[in-house]
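Chemist: Sequence and predicted structure below; questions after.
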Amino acid sequence: MRFASIGSGSRGNATLISHKDTTLLVDCGFSARETEKRLQQLKFDANKLTAILVTHEHADHINGVRVLARKYKLPVYATAGTAGCLAEDVTELVSKFNCHEAFAVHDIEVQPFPVPHDAREPSQFVFHDGQHKLGLLTDVGSITPVIEEHLTACDALLLEANHDMDMLDQGEYPDHLKYRVAGRLGHLNNVQSAKLLEKIDTSRLQHIVAMHLSEKNNSPNIVSPLFAQALNCDQSWIAIAQQTLGFDWRELTNG
Ligand SMILES: [Zn+2]
Ligand SMILES: [Zn+2]
């Protein structure tokens with residue numbers, strides 16, 4: 001399995017998960033044109049996409065879904081709650097999934113799981129290629145036993161580190177937004193994510209990427225040492241997904 005991101009953060013998210021001839025685009029928070037441009041930067045042809053998976057209906061995750069899905073005739077996988085928020089003219093392309101049941105999209109098995117976030121029926125995913133397990137977790141206000149159960153023993157982990165609590169507290173966001181972001185249905189702060197890393201089995205990890213960093217309320221300089229401490233590893237090993245270019249292709253290997 002290999003994976004990449006064309007951007008991560010509150011101004012747009014989209015992650016690529018690829019195995020053999022199957023490539024899934026998880027969320028599409030950029031316009032279709034911007035998505036095509038960013039895919040080209042990763043040397044990936046949009047015609048080779050297999051499907052779009054949607055985690056939830058917030059604009060930074062669905063902005064380009066409608067136009068991209070229609071243009072490339074891509075199936076769109078979403079929970080019933082999320083699907084109900086998508087534009088009517090994509091409904092013929094939508095496959096609804098139960099967020100407690102695994103399903104396959106060609107060569108990739110997808111295990112969704114429900115997460116606490118202020119959307120209709122948000123879910124996040126674990127991907128299997130028969131050998132490796134990749135976990136994706138962003139847009140989550142609090143860690144649940146279900147999340148821990150699904151993300152344990154991953155070979156790669158793409159994990160939200162949205163904000164530093166002090167930066168959010170002292171920052172320029174209006175109070176209602178501070179409460180939303182920090183709340184149980186908001187976004188993970190750095191300490192919550194580091195604690196998750198300490199709790200689950202990370203002995204198989206080949207890649208760790210911090211995702212969905214707030215540009216105003218966080219900094220890679222805070223996330224990297226915190227994650228490195230939680231994983232007892234060198235800081236240089238912690239990757240940080242950018243809003244502008246996400247991160248380049250990474251690959252899971254044997255042995
Ligand atoms: Zn988001
Ligand atoms: Zn969200």
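Modeler: That came in fine, so what should we check first? Ligands and ions are numbered 1, 2, ... in the order given.
Chemist: Roughly how far does Lys73 sit from ligand 2?
Modeler: From Lys73 across to ligand 2, the span is 27 Å (CB to the ion, to the nearest Å). (Each C-beta comes from the backbone N, C-alpha and C, glycine too.)
Chemist: Also Lys133?
Modeler: Using CB to the ion, one gets 24 Å for the distance from Lys133 to ligand 2.
Chemist: now swap in His117 and tell me
Modeler: Using CB to the ion, His117 is found at 6 Å from ligand 2.
Chemist: Contact partners for that residue?
Modeler: Contacts for His117 (CB atoms under 8 Å, 6 or more residues apart in numbering) come out as 56, 139-141, 185-186.
Chemist: and the one residue in the stretch 151-255 of the chain that gets nearest to ligand 1, how many residues sit next to it?
Modeler: Here the residue of the stretch 151-255 of the chain nearest ligand 1 is His212; by CB to the ion that distance is 5.8 Å. Neighbourhood size, His212 [other CB atoms under 10 Å]: 24.
Chemist: which among the contacts of His117 gets closest to ligand 2?
Modeler: Using CB to the ion, the contacts of His117 come closest to ligand 2 at Asp139, 3.7 Å.
Chemist: Tell me the secondary structure at that closest one.
Modeler: Three-state call for Asp139 (DSSP: H, G, I helix; E, B strand; the rest coil): coil.
Chemist: Look up the closest residue to it, ignoring the ones flanking it.
Modeler: Of all residues not flanking Asp139 in the chain, His117 sits nearest, at 4.9 Å (CB to CB, 6 or more residues apart in numbering).
Chemist: Could you measure from Leu151 over to Ser193?
Modeler: Computed as CB to CB, to the nearest Å, the Leu151 to Ser193 distance reads 11 Å.
Chemist: Between those two, which contacts overlap?
Modeler: With CB under 8 Å, 6+ apart, Leu151 and Ser193 have common neighbours Leu159.
Chemist: what about Thr82, is that helix, strand or coil?
Modeler: helix.
Chemist: What does the pLDDT read for it?
Modeler: Note on Thr82: pLDDT of 98.
Chemist: tell me the contacts of it?
Modeler: 54-57, 119-123.
Chemist: Nearest to Asp45, out of those: which one, please.
Modeler: Val54 (21.5 Å; CB to CB).
Chemist: ok, and the closest non-adjacent residue to the closest one?
Modeler: Val54's closest residue in space is Ala78 (CB to CB, 6+ apart), at 4.3 Å.
Chemist: same question, Asp234
Modeler: Leaving aside its chain neighbours, Asp234 sits nearest to Ala228 (6.3 Å; criterion: CB to CB, 6+ apart).
Chemist: This completes my enquiry, with thanks.
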